Every structure is written in structure tokens, then in C-alpha cells.
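Asks: Return a 3D structure for these sequence lines:
(2 chains)
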Amino acid sequence: MRTGIVVGVTGALLALVLLLGAGDDAGPNAYIVIGIAVGSMYGLVALGLVLVYKGSRVFNFAQGEFGTVAAFVAYVLMEQVTSVDIPYWAALPAAVLAAVAVGLLMERVVVRPLMDSPRITLLVATIAFALLTVGVEIVLFLPEAKVLDPLIAATDASGNPNGIEIFNYILEPQYMIIIGVLAALAVILGYFFSKTDLGLAILATSQDSFATRVVGIGVERTSRFIWGSAAFLGGLAGILYVPISGSLTPGAMTTGILIPAFTAAVLGGMTSLPGAFLGGIVIGCVQSLANWAGNTYTITIDDVVRPLQTIVPGLPDVAIILVLLLVLLIRPQGLLGTEA
Amino acid sequence: MTATATEAIEAPTRKATSDAWAPSVGGWTARLLVLAAIFGAVIWTTANVPSYWADRISLAVIFAIIGLSLNIILGYVGQVSLGHHGFVGIAAFVAAYFATENAGCSIDSCSFGTFLTATAIAALSGGFAAMLLGLVALRIKGLYLALITLAYGFVAERSIFEIPFLTRGGAGMPATRPDGWATDREFAFLCFFFLAAVVFVDWRLLRSKVGRAILSVKHSEAVAATYGINVTAYKVLAFILSGLFAGTAGSLLAFRAETVVSNDFNFANALLWVLMVVVGGLGNRVGVIVGSAFFALFPFLIVLIGPLEHFLRDTVGREPDYFTIVIGSALAILTIILHPGGIGDQISPITRWLGGKPFSLHPDGHHHPKEPKEKGPGLLAKFGLHREATESEDPTTSELAALGRAVGRTTPSDVSQRQTPLARDGQDGVQPPDVWGALVGRKDGGNS
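Replies: The predicted structure is shown next:
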């Protein structure tokens, strides 16, 4: 049944490409390419959300902030440390490590003391931690936009764009890296949770932490591992996404990415790692197609032809939320989830 | 929570006992004097501080109204709303639109009647917006409802607040302050009247049948239903009430700013509002008001402490405003972990005394002169640092701890049963009687 769903969703996407815009420059094909690229970004953040949910049964509102912290650390190392010229390949692991440190700190200070409290309490605590991080960023870096360069520049030395062209849309190298990283992570994590001891211990903890303790599994250790790896994923996402988004501001990942990523995770089933991957891509495509529809279709009011976009502002965001509502009301277990 | 909830539920029994303690005439006089001094100090401050700070005080009062609105959902219903900027913002735009486009207020003048009508319409629109959310809340609870409220605010922020005829193409919809209340100081006093009205409604309603029904629904929907309480209706009613308050606050925010722009109502605001209610103390009216005002007045308080302001401005090089989020969220984390009762719980000896009870530092407000102080887990133990302290005498726990040590993987702090209720009755170290829970043989507070 699960294979059926995956095949169905992928088939539906392909059918959309073929039906709506085969050979048509104004068709939605380019938008679908953007959608898949942006969607893999959502998937990457959603992977972290799912990981935490599997382990701690809570929505982690600080997931986006792990990314912003990593991006700021990379920015400081590369732009503000002038005495030593730190190359990108050295700054990147340092930034991700900083995110992991923040994740471990959060686990120790906020999550561990609240392990046995109601989930809503822990939810509010993660919100407080996310805002604390944003606040520290504001104090340190002021609410001003900064720029972080991508791993591979979008244009080469002579000004020609890098990257491959699909349906008249030139996909930036950074997006290709994101898609590759996400695919690799989904496979690795899928293997980890089904085959390794630690992975199974994490699943056991999430189902019944009391029984897990009785059989001698260190719940603290699994919790530490979960939050550390979630922060690792978040940090990676921040480093990869912020250069594309164009500006690095305090809370950049929380305001821009977190809500679509939550939708992706819920659509995927909240407990399924491949589901997060699939959900991210679908949400990216829905958002991008809504954008296309808003620009393409028009409504005539008082003899003035207006694009849909101006009648319904924020159409792509509304489309995401509609998906979220539909999933929660009709199929709360999501596409690949095993529980409601 | 505790004070209001238990009072509301126990009200009939308390009336039945005739030998209840009551303060003497002198006691009442002292209480009235202290109350008058507190209110006098607030009014004197508002009347005498520079105009800029009077404006800030009006913001604090509006924050208090928003806090009370959120308190209904967080404290009384026991759910989380992360989309309150949606209600407040919709109401602000509605109020401004009505005043400027329908009632014809100019930039210079707007009648007081128009202001009142605009506020009433805004409150109703906020109530309607919240009702829609309340209907969703009937099917979805807990974490997923939090996600829905988040989505709700997101749609409002990205779509509704960008509609050109509401925002005048992004320039903002003007909302002129009513004649006679146009200066910052006058407007602050006007906000005080609205806060008083909201507090009165909240207080009387919670003491009524409706309030008891809403609280019982929070404890256990199943038990409430067996008592013949219409769970659906009261849940939606609580959301509507919250929306009415939020709408009132939205209208006041609109007239305070005099131009409503979408940027004033963003996601970060909604999160900060939730935290201020948590810091204030869930379900505790006075605590929520104090906590909300603290969040709005925070920079003001820093300026009052001269050396601190000097340190921040000159040594650190940042405006005091920048520290609001850091301090606010750090306080919220500390509140949740160490003292879930919040500010309201800390000041409860004073508020209880003012309410006509004997002065007592004991959490439940009764005299326990000879009883030794209960030993709760210490500060270090709460973070799991002080491992000996968490060894409890409960046989199952200590046996399990021994088992864990034998296996060599777990530590005693693993098995300490720690309870940190956020949306549940309870003060540090003292469990209130869980009437509903006992009826159904349930030990959990029912908020997961």
C-alpha cells in the first residue's frame, strides 16, 4: 500500500508535467522544477522535525533556528573573521557543529527537565527556545539583512549562469546539492531506523519510555542523540538554504521555512522519514503551482483584467495551508504515517 | 489557575460553611488602602510620565487585554493558540476600515461614537474569526491544533493583511483617535477603561455557570459530558470569548498606532504573546496582566535602572528594546521548568490577602503553622544535576532505579517522576485534588 502511495504521488506529478505544459513555454513545467527544488528544502527541515517527533513526541519549533544559527556562524567565520582567511569547506562543518552544540544545549536545558510533562508544555518550551535564539541573534547581529555566498556560485566568472537547464529553467547548483543531500539522508536515515540498534532504541523510547528504561536502554542517551542529529539536519538545511533565499536575518529559517516544513512533515505522516521527503516535494510543487496559477489565470472585474495573484494575495501560502487543513481533517495519519 | 478554578468549583460549599474566616473592619480598611495605593500609583505614573512613555503604557494595557484573551484558550480551555495575531490583526483592520471608509473619519477628527462602534464591530469580527477556529478545535486537539492555529495566523498574515483595499496598497489604513482622547496620555486612560471592562467580564463569567462548565471541559471532556455539560457549545463559546477580547485589543492597537500596517501583526508577536501569558501564570488573571505589562514595559524598566541602561547602551552598544525577546523567552523557559505557576503564583500571597483572606505564604492559602515545610526537588535536581536528591522513597521508583543501576545504563534521575504542569492546576510541590480525574480513575491532567 505504501509503495502504491509513493508511485501514485510521483505519477500524479509526472502527469501534471505532461498534461499542463508539454512543449509550452508558458506552462507550469518550470514551476514544477522550482517546486521540486524548493520542496526538497522543505523536506530537509521536515526530516529534522520528524526525527524529533519520533523520539520526543513533540513539534520542535526550534528546528528552523538550528539552521539560522549555523548560517550566522558560517557568516561570522567567513565574513567577519578577517585575520585568518577561512575557506568555505572549513566554515561549513564548523557551522553545522555549532548547530549541533545548540541542539545538545537545548536538549539538556529545555527538553530533559520536561521529558515527563504534557506535550503542550514541551511545545511551548521549544517555542520559547526558538525565540530565545532569535533574540540572541538580534542582540548580536541587529535586525539587518546579511548575505551568505552559495557553495557553488550561481554564475561563473564571465557572468553566465551555472547549472543545468530543465524546461527553460536553469536550476542553480545549490538546489542540486540540496536535492542530492536530501535523497542521501532519507536513505541513510531509513536504514538507520530499521536496521541499527540505536535506531530501534530511539523508536522504542518514543513508543514507551518507561518500558524502554526497564529493559536497560539509556533514555537520556537516545534523547541526546535525537536532538543532536536533528540539529545537524537543521544546521545543514540552514547552510544550504540561506544563500539561495538571498538574505540572512535573525529568525530567517523560522519565518520562511518552518510552516511549509511542518506541513510537509504532517503530509508525510509525521513519523515517516521517506514521508517527510515526499511531503516536502509535494508541498514545494503545490506552492509553486499556486504561484503559477496566480500569475497565469486572470479575473475580469469592471472590465479590468487582473491576475488571480492580485485578487487573492499570498496565494502560494494559502495553498499550503489548505493542504495542511485537508490532511488533518481527512487523513490525519498522512501519506505514509502509521498512526493518527 | 488554582485560585480561580478551585474557587469556581467549590463556590457552593464555601457559602455553606458559616464559620469561614473574614477580615475585621480594620483588615478591610488596610486592604482597601493598599488597593487604592496600587491603583493610585498606576494612574499617577500614567498622568505624569513623558508622553512617549504614556504611549508605551497604553501598549502595556492593550497587551494585558491580549494576554487575558489568550489566557482563555491557554489557561481555561487548555489548548495553545499560535495564531492570535490573526484575530488581533483582522479586528484592527476592520476597526480602521470602518472608521475611515464607512464612518468618514478624517485624519484630524473622529467622533467618540464612531470609535465605540468601530471597536464593537472589531470585537465581533475577532469573535467570528475565533469561532471558525473553535469549530476546527472540536475535531483536533493538542499539538495538531497548535499547528492549525499557526496556519490560521499564517494565512491572515500572508493573505488577508495584504488585501489592497484593506491596506491601501501597503501604505496602511488610517485610524484617527477619537476626539477628546487623542493625546497619548488620554488614549492610555481610555485603554484602562477597556481593560477594566474586559477584566470584569472575564471575572464574572468565570464565576458563573458558563465559567465552571468551561473549566470542567478542560479537566475531562468525557466527565463533563456525563454531567450534562454541552462540551461542543462551551468549547466554541470559550474561543468566541477569546476572539471578542482579542478583537477589542486589535481595535485599540489600530487607534493607538493611527495607521494599521500588516507588519504590526506578525508571527513573532503571536509567539511572544503566548510566552507572556506563560510567564504571567496560566489561568491567573492578575498574573497574566502583570506578565503582559512587563513584556510591553520591559525597555521602560531598564531605563529606570540607570546603570543598567548605561551598560547596555554604551558598553554592549544595543538599545534596550533589543533585549525584550531574549529576556522574555529566557523568563518563559525558567517559568516552565522551575515555577509553572508564573508571576501570578509568586504574588499570590498578596493577591489572596487583598481578596479578603488571611495573609499566608503557603501556596494553598491556608494556615499550616506547625507543619514542616514540604521538601520539593531542589533547583539543581530540577535540571537533573543533583542526583541524590531525586532518589525517592516510592518503592517502585527506587526499585526501578536499582534495576537500572544493575543494568548499568540508567541513572536514578531517569526514573524520578517529575511533574511540571503547564496547563494544569498545581503549584510547586503541592498537588491539588483532581476531582474529575478521581472520578474516572485517571491520574493524568488530560493535556497531552
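Asks: Can you show me the strands along chain B?
Replies: Using DSSP state E, the strands of chain B run over B:173-174, B:259-260.
Asks: Which of the ones you listed sits closest to A:Gly268?
Replies: strand B:259-260 (38.0 Å; C-beta to C-beta). For every residue, glycine as well, the C-beta is placed using N, CA and C.
Asks: Can you read off the backbone torsions of the most centrally placed residue in chain A?
Replies: For chain A, A:Val45 is the residue whose C-alpha lies nearest the centre (C-alpha atoms, centre = their mean; 2.3 Å). Main-chain torsions, A:Val45, degrees, to the nearest 10: phi -70, psi -40.
Asks: Tell me the confidence at it?
Replies: As summarised for this prediction, A:Val45 has a pLDDT of 91.
Asks: Then B:Ile140?
Replies: At B:Ile140, pLDDT is 81.
Asks: With B:Gly75 instead?
Replies: pLDDT, B:Gly75: 89.
Asks: And the closest residue to it other than its chain neighbours, how close does it get to chain A?
Replies: Spatial nearest neighbour of B:Gly75, chain neighbours left out: B:Gly283 (3.2 Å); criterion: C-beta to C-beta, 6 or more residues apart in numbering or on different chains. Separation of B:Gly283 from chain A (C-beta to the nearest C-beta, to the nearest Å): 14 Å.
Asks: so how many other residues sit close to B:Gly283?
Replies: 28 (other C-beta atoms under 10 Å in any protein chain shown).
Asks: got the phi/psi numbers for it?
Replies: phi 80, psi 0.
Asks: ok, it touching B:Ile72?
Replies: No - between B:Gly283 and B:Ile72 there is no contact under C-beta atoms under 8 Å: 9.3 Å.
Asks: Could you export the strands of chain B to a markdown table, including columns for distance to A:Asp317, mean pLDDT and mean neighbour count?
Replies: Putting the strands of chain B into a markdown table (distance: least, C-beta to C-beta, whole Å; pLDDT from 0 to 100; neighbours: other C-beta atoms under 10 Å in any protein chain shown) gives the following:
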| stretch | distance to A:Asp317 | mean pLDDT | mean neighbour count |
| --- | --- | --- | --- |
| strand B:173-174 | 21 | 84 | 22 |
| strand B:259-260 | 20 | 88 | 22 |
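Asks: A:Leu47 contacts A:Leu182, doesn't it?
Replies: Yes - taking contacts as C-beta under 8 Å, A:Leu47 lies within contact range of A:Leu182: 7.4 Å.
Asks: got any residues that touch both of those two?
Replies: Applying C-beta atoms under 8 Å, 6 or more residues apart in numbering or on different chains, one finds that A:Leu47 and A:Leu182 are jointly contacted by A:Phe277.
Asks: Tell me which of those two has more neighbours.
Replies: A:Leu47 (31 against 26).
Asks: before we move on, which element is the closest residue to that one other than its chain neighbours in?
Replies: In space, A:Leu47 comes closest to A:Ala276 once its chain neighbours are excluded; the distance is 4.9 Å by C-beta to C-beta, 6+ apart. Using DSSP states H and E, A:Ala276 sits in helix A:273-296.
Asks: Quick check: next helix or strand after that helix?
Replies: strand A:298-301.
Asks: pLDDT averaged over the helix or strand containing A:Ala101 - what is it?
Replies: Assigned by DSSP H and E, A:Ala101 belongs to helix A:88-106. Throughout helix A:88-106, pLDDT has a mean value of 91.
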